[in-house]
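Colleague: sequence plus the predicted model coming up.
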Amino acid sequence: MHGGQRRGNGPGRAVVWLAAITALGGLLFGYDTGVVSGALLFLKNDFPNITSVQKELVTSFLLAGAAMGAIGAGRVADRIGRQRTILITATLFMAGVLAAAFSPAFVFLLAAQVVIGLGVGSASMVVPMYIGEAAPPRFRGALVSFNQLALSTGILVSYLVDYGLSGTGDWRLMFGLACLPAAALFLGMLFQPESPAWLITHGRLEEARRVLRRLRPPDTVDSELASLRSSAQRQGARVRELLRPSLRPALLLGLLLAVFQQITGINTVIYYAPTLLNNAGLGSSAALLANVANGIVNVGMTIVAIRLLDRAGRRVLLISGTCGMATALLTIALIFLASGPQLSTAAAIAAVAALFVYIGSFAIGLGPVFWLLISEIYPVRVRASAMSAAACANWAANFVVTISFLTLLNAITDAGTFFMFAFLTTAALIYFWLRVPETRGLQLEDISAGRSRPRPGPALVPAQSAARPAARHAAAAARRRRPAHR
Ligand code: BGC
């Protein structure tokens, strides 16, 4: 044992603990985005004249805040470090949910939603980045995806809380409960180390060495330090660097993954499944129950993904998951086409089953893989800015899909809307097949330099921009030392 790090098969206690604490940020992301749908139903208890446009504003302000939070967090994380940025994020969560819970007026609630959104957006990019930088390559897929697991659990818990409090209609408590995980995140982060990659880019070599000793087996510390140092030196000014031709493919990949994650329709299901099922003829309680089951499938399949990401690899899960999503969407579209907007019992059962397949396929592929890949494909000096851009694109696309969905249903019918999502998902599938690299088991610095591509999938950067000899040597040495995959 060394600083909580076990030699042998596991990633080590220190790093698992770090990922688990940090993933509370993901839990809050999921809870805060999920809880709104239930809370909206009861706002009229305190604001009797609330209109449906005002209700839409409550959701929109959260998403707008999240886009801003994602952009701002990258700059902050570069300037003051990842760990302190997460502390600020936890503070934003606490301030936001308390403000929402005690809102004396509607505008106050809107302002609180923006603050919660800032926390959500910030957590969405800084949590996977920090875990990705702290995790050993062999376990990075699983550890970063703790975030997606916590996120989907947060959504499920929010459904249950909404359901449990629906008797009293206590929307203030629905929001306020999130204060508990936010406080736990804050306290837990006080004891977590700064990211070694960030320390290196700030010339704090000895501290980085100390952190790596805490998080890695002793025999890999020197090679990783060498690889991190050479990568930190190789790059120039941060944001300008991002636009360099050699980084453009990675930038584009992150942005397109972000947009595809949303325009393939996941949040129309997460936010509107009960409405959809209710409109299609399912009773309200059956619709709510189907929704809770949706949440369980989401969590369950994320656990499967965590077990497979570092064994089967990212590409295979992403591609098979996206195939499953496209098939399920096409099935739902055909069910609506065959039965019209009102479904028979048999058709409703088939539609719910297809929804389960859709959400399960998302949870095994595009859900975790998007956040994982954007934490992996950028070099350290531009990682925060590039992840900010991708996360912001994700929130912006989420916003557009969410606000246009109900209008779309009216304009082109349920069948038309699901055909459209099936088409977009097929386009995503083709793009992923052609462009997504395999990153399993590689050092982060090797991936962004396009140095090694032992498994199928395209390279991120042309081979000639590969690293200088020192880094190549260190990376090769680290690879030789790495135990075989199970
Ligand atoms: C997406 C969210 C979505 C969630 C569902 C995340 O990966 O970014 O928009 O609500 O998965 O589990």
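Modeller: Yes, it's here. Numbering: from 1, shown residues only.

Colleague: would you mark the buried spots in stretch 189-204?
Modeller: Under the neighbour-count criterion of 16 or more other CB atoms under 10 Å, stretch 189-204 has M189, Q192, P193, E194, S195, P196, A197, W198, L199, I200, T201, R204 buried. C-betas here are computed from N, CA, C, even on glycine.

Colleague: which one of the residues you listed is nearest to L62?
Modeller: M189 (22.7 Å; CB to CB).

Colleague: so that closest one makes contact with T85?
Modeller: No. With contact defined as CB atoms under 8 Å, M189 does not reach T85; the gap is 9.7 Å.

Colleague: how many neighbours does the one residue in the stretch 301-450 of the chain that gets nearest to the ligand have?
Modeller: Nearest to the ligand, among the residues of the stretch 301-450 of the chain, is G367, at 4.2 Å (CB to the nearest ligand atom). G367: 26 surrounding residues under other CB atoms under 10 Å.

Colleague: can you tell me the element it falls in?
Modeller: Per DSSP states H and E, G367 falls inside helix 366-376.

Colleague: so where's this protein shaky on pLDDT?
Modeller: Filtered on pLDDT under 70, the chain yields the residue ranges 1-9, 233-239, 451-457, 460-486.

Colleague: separation between V144 and L337?
Modeller: From V144 over to L337 the distance is 39 Å, taken as CB to CB, to the nearest Å.

Colleague: quick one: is the biggest helix by length in the chain near the ligand?
Modeller: Criterion DSSP state H: the longest helix present in the chain is helix 380-435. Yes. Counting by CB under 6 Å from any ligand atom, the ligand has neighbours in helix 380-435: N394, N398.

Colleague: other SSEs contacting the helix or strand following that helix?
Modeller: Downstream of helix 380-435, the first helix or strand assigned by DSSP H and E is helix 444-448. Applying 3 or more CB pairs under 8 Å, 6 or more residues apart in numbering; DSSP states H and E, one finds that helix 444-448 makes contact with helix 218-234, helix 380-435, helix 469-481.

Colleague: adding mean neighbour count, write the ones you listed out as CSV.
Modeller: Formatted as CSV, the helices and strands packed on helix 444-448 follow (neighbours: other CB atoms under 10 Å):
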stretch, mean neighbour count
helix 218-234, 19
helix 380-435, 20
helix 469-481, 16
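
Colleague: if we can go back for a sec, which of V144 and L337 has more neighbours?
Modeller: The neighbour count for V144 versus L337, taken as other CB under 10 Å, is higher for V144 (32 against 14).

Colleague: the more buried one touches S375, doesn't it?
Modeller: Yes. Contact criterion CB under 8 Å: V144 and S375 qualify, at 5.5 Å.

Colleague: need the residues touching each of the two.
Modeller: Counting by CB atoms under 8 Å, 6 or more residues apart in numbering, the contacts common to V144 and S375 are P128, I131, G132.

Colleague: adding distance to P11 and secondary structure, write these out as JSON lines.
Modeller: Shown next, in JSON lines, are the shared contacts of V144 and S375 (distance: CB to CB, whole Å; DSSP: H, G, I helix; E, B strand; the rest coil):
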{"residue": "P128", "distance to P11": "16", "secondary structure": "helix"}
{"residue": "I131", "distance to P11": "11", "secondary structure": "helix"}
{"residue": "G132", "distance to P11": "13", "secondary structure": "helix"}
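
Colleague: name the residues that touch stretch 283-299?
Modeller: So stretch 283-299 is in contact with 149, 152-153, 155-156, 159-160, 163, 269-270, 273-275, 277-278, 282, 352, 355-356, 359-360, 362-363, 367, going by CB under 8 Å, 6+ apart.

Colleague: got the CA positions of that stretch in PDB?
Modeller: Extracted in PDB, the C-alpha atoms of stretch 283-299 (Å, rounded to 0.1, in the frame of the first residue of the first chain):
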ATOM      1  CA  GLY A 283     -52.900   7.100 -17.000                       C
ATOM      2  CA  SER A 284     -50.900   9.700 -15.000                       C
ATOM      3  CA  SER A 285     -49.700   7.200 -12.400                       C
ATOM      4  CA  ALA A 286     -48.800   4.600 -15.000                       C
ATOM      5  CA  ALA A 287     -46.900   7.300 -16.800                       C
ATOM      6  CA  LEU A 288     -45.000   8.400 -13.700                       C
ATOM      7  CA  LEU A 289     -44.200   4.800 -12.900                       C
ATOM      8  CA  ALA A 290     -42.900   4.200 -16.400                       C
ATOM      9  CA  ASN A 291     -40.700   7.300 -15.900                       C
ATOM     10  CA  VAL A 292     -39.300   5.900 -12.600                       C
ATOM     11  CA  ALA A 293     -38.600   2.700 -14.500                       C
ATOM     12  CA  ASN A 294     -36.800   4.800 -17.200                       C
ATOM     13  CA  GLY A 295     -34.600   6.300 -14.500                       C
ATOM     14  CA  ILE A 296     -33.800   2.800 -13.200                       C
ATOM     15  CA  VAL A 297     -32.800   1.500 -16.600                       C
ATOM     16  CA  ASN A 298     -30.700   4.700 -17.100                       C
ATOM     17  CA  VAL A 299     -28.800   4.000 -13.800                       C
END
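
Colleague: now do the buried residues in that stretch.
Modeller: Buried residues in stretch 283-299, counted by 16+ other CB under 10 Å: A287, L288, L289, A290, N291, N294, G295, V297, N298, V299.

Colleague: where's whatever residue of the stretch 1-150 of the chain ends up closest to the ligand, which helix or strand?
Modeller: In the stretch 1-150 of the chain, the residue that lies nearest the ligand is Q148 (5.6 Å; CB to the nearest ligand atom). For Q148, the host element (DSSP H and E) is helix 146-165.

Colleague: I am finished for the moment; much appreciated.
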